[in-house]
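Participant: Turn this into a structure:
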Amino acid sequence: MYSHATNVTKILQLEEELCNIRQGDQDLSKYFATLTAAYERLKALRPPCKRCYASHFETGMVAKFLYGLSSEYSVAKSQILTGSDLPNLADTYNRLSCFAVTLTQPMHDTPVCVLVMSGGHSHSSFVGTRGRGAGRGTRRGRFQCSHCW
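Facilitator: Next up is the predicted model:
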């Protein structure tokens, strides 16, 4: 068992580690896993109370996650930050994962899609203008936005 002074030192080290974690060259899932592992270690040393968990602790983690993203996510990050409600950490990751799909698709195969915020609710969707894809009749085997369905 740790002494109080040791816990304080470990908490400060974890806080510093969390502030310094950046996505860099990692894919989104690796970055998220690295961040959440440090987050879980911090929660084990300093468990948040149920009353302030969502309003303070979780919100701080979402902010740290968004802050450390690479610049290719700047549009999605802006949309999340300007939404009416800040989503929780899992929803933020899910939205960015959906956005990442559009980043990895060649433009000639993928409709131009934008990430639409769901107003802080737990679902997300893609809506877009007609893209450069082959049209409505070729849905099999490729990603399409909901507009093209």
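
Participant: Contact partners for Q26?
Facilitator: Applying CB atoms under 8 Å, 6 or more residues apart in numbering, we find Q26 in contact with T34. C-betas here are computed from N, CA, C, even on glycine.

Participant: Just confirm it is within a strand.
Facilitator: No: Q26: not assigned to a strand; according to DSSP: H, G, I helix; E, B strand; the rest coil it is coil.

Participant: What distance do you get for it to N20?
Facilitator: Look at Q26 and N20: by CB to CB, to the nearest Å, they are 14 Å apart.

Participant: Mind checking what secondary structure D85 has?
Facilitator: D85 is classified as coil under three-state DSSP.

Participant: so what's the backbone phi/psi at it?
Facilitator: When quoted as degrees, to the nearest 10, the phi and psi of D85 stand at phi -130, psi 140.

Participant: What is the neighbour count of it?
Facilitator: By other CB atoms under 10 Å, 11 other residues sit near D85.

Participant: What separation do you get for it and L69?
Facilitator: 19 Å.
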